[in-house]
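>>> Please find the sequence and the predicted model below.
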Amino acid sequence: MRIDIVTIFPAFFDVLDLSLIGKARARGLLDVNVHDLRAWTRDRHRTVDDTPYGGGAGMVMKPEPWGEALDEILTDETTLIVPSPAGEKFTQSVARELSARPHLAFACGRYEGIDQRVIDHYADRGRVRLVSLGDYVLNGGEVAAMAMIEATTRLIPGVIGNPGSLLEESHEEGLLEYPIYTKPPVWRGHEVPEILLSGNHGAIAQWRHEQSVARTREQRPDLL
Ligand SMILES: CC(C)N1CCN(Cc2ccc(Cn3ccc4ccc(-c5n[nH]c(N)c5C#N)cc43)cc2)CC1
């Protein structure tokens, strides 16, 4: 998968050189390219924003730099993702859908957002998705893009070491995951549930499912 990220804070994505995504890049599983939107400005101040038509607080990101950047980056195979508080909710299902795409481009806005005509222009030409990380307000699209990239790329075969662990994760089966434990068997007086030491794999699987259901009922009844 190729991923392109356009942002006025390219250094924000240096973290993508680390950990599993960094290793996947080194192994050629992922081709991640971060671009500074200001590279497509034409004025000496490298201006990317201006006042909103119709008045109102804040500034709006100008369409011209975005148009020149995206014209260079997008292909017929690209899904353009625009993180936005007004977008569809980002879920595990969306992550799974995006993980099958050959090319993702993330347009990370700042200020009050990107001039609507940029989204309209590229919507006419193919796949544009406004996607929201959740019902809270961030200062820009970078944090959301980072989360979406991590949730999506970890589903690509070979990116994480143990594909089996993808199957029992929260939200994959519609339930929250069961509690997990490791050595020592007793820690500060807290014992590991005895069933997990029994070696009875059928009983352990049953117990884990019951724990998942109980946890989901407690924390996320909306998922049941
Ligand atoms: C009345 C007038 C003063 N209102 C002022 C608040 N406006 C809403 C508003 C609020 C913040 C931002 C900052 N921002 C800029 C680009 C950008 C991309 C994503 C997100 C974002 N926030 N939360 C998520 N789940 C997101 C995602 N994905 C936030 C972004 C942009 C826009 C609405 C207008």
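Noted; the coordinates are in hand.

>>> Distance check, the residue nearest the centre of the chain against residue 109.
What sits nearest the mean C-alpha location of the chain, by C-alpha atoms, centre = their mean, is residue 148, with 0.5 Å. Per C-beta to C-beta, to the nearest Å, residue 148 is found 14 Å from residue 109. In this view, the C-beta of every residue, glycine as well, is placed from N, C-alpha and C.

>>> Between the two, which contacts overlap?
By the contact definition C-beta atoms under 8 Å, 6 or more residues apart in numbering, residue 148 and residue 109 are jointly contacted by residue 83.

>>> now check the host helix or strand of residue 149, is it near the ligand?
Per DSSP states H and E, residue 149 falls inside helix 142-153. Yes. Residues of helix 142-153 contacting the ligand under C-beta under 6 Å from any ligand atom: residue 144.

>>> Need the pLDDT of the nearest residue to residue 159 once chain neighbours are set aside.
Closest residue in space to residue 159, ignoring its immediate chain neighbours: residue 24 at 4.5 Å, by C-beta to C-beta, 6 or more residues apart in numbering. Residue 24 carries a pLDDT value of 90.

>>> now residue 216
pLDDT, residue 216: 97.

>>> mind listing what it touches?
Neighbouring residues of residue 216 by C-beta under 8 Å, 6+ apart: 175, 176, 223, 224.

>>> State the helix or strand in which it lies.
Using DSSP H and E, the element containing residue 216 is helix 201-219.

>>> buried set for that helix?
By 16 or more other C-beta atoms under 10 Å, the buried positions in helix 201-219 come out as 204, 207, 208, 211, 212, 215, 216.

>>> now do stretch 116-123
Those would be 118, 119, 121, 122, for stretch 116-123 by 16+ other C-beta under 10 Å.
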